[in-house]
Each structure stands twice: as structure tokens, then as C-alpha cells.
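S.K.: Return a 3D structure for these sequence lines:
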Amino acid sequence: VLAISEVLQNVNGDTDSALFLSNSMPVRDAEFFLYPRSSSPSGPSDVAVNRGASGIDGIISSAAGYADSSDNPTTLVVGDLASLHDLNAFHTIARSSVHT
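M.R.: Numbers count the residues shown, from 1 in each chain. The predicted model follows:
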């Protein structure tokens, strides 16, 4: 919870940013820390999530694709287990012509 609160605090003031959340706790934590919003809008301009068979397969690849299609800097909030399920994404990203 401490890590996501720090990430969201850094992203919260930047309205020209995107946030990509892994499933389960990152979504719940973001909902707790991001909403309800005050009358003045703050926080990321876009928030996206990935929902797969079990929700964690391919999360890094999905976030990289989302970041590539976004015009804004994108922050991924992901846990250790979900990242282990998609470690090969770093190899693919490193070898691709597009670096996000």
C-alpha cells in the first residue's frame, strides 16, 4: 500500500499522464487513493487496466502496448507475481524498434 500511495502521489499532480494498473490489489488501492476526486481535477488523464483469463497474464506487454499508443507518459503499477508471469516482455521490448 505504501508503494502505490507514493506512485499515485507522484502521478496525481500530473494531468498529462496515464496510469496502467495490474489486476487485483493495484486496482483496489488506486480506487482508494484516487477516488473520490475533489472539485479540482487532478491525477492521471487516463487510467487503464488489463483483464485476462486470470488477470495477470501479459500485463507488462499490455502496458507497453498501451503506453506506445498513448501520447502521455505511462506508469505501470504491477505486483511481483504478475510481473513474473510476463518477464519475457522485457526481452521483446528491448528487441523491438519501438521503446516505451
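S.K.: show me where this protein has helices.
M.R.: All helices of the chain, identified by DSSP state H, fall at 2-12, 25-34, 59-69, 80-84, 88-95.
S.K.: Make CSV out of those and add mean neighbour count.
M.R.: Every C-beta, even on glycine, is put in place using the N, C-alpha and C of the backbone. Output for the helices of the chain, formatted as CSV (neighbours: other CB atoms under 10 Å):
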stretch, mean neighbour count
helix 2-12, 14
helix 25-34, 16
helix 59-69, 19
helix 80-84, 13
helix 88-95, 12
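S.K.: By mean pLDDT, which helix or strand of the protein comes out lowest?
M.R.: helix 2-12 (a mean of 65; mean pLDDT, DSSP states H and E).
S.K.: pLDDT value on G65, please?
M.R.: G65 carries a pLDDT value of 91.
S.K.: What's the separation between it and D29?
M.R.: Distance check for G65 against D29: by CB to CB, to the nearest Å, it reads 23 Å.
S.K.: Count the neighbours of L21 for me.
M.R.: 24 (other CB atoms under 10 Å).
S.K.: what sits opposite V47 in the beta ladder?
M.R.: L19 (DSSP bridges).
S.K.: so it makes contact with A18?
M.R.: Yes: contact criterion CB atoms under 8 Å: V47 and A18 qualify, at 7.4 Å.
S.K.: more crowded one of the two?
M.R.: A18 (22 against 17).
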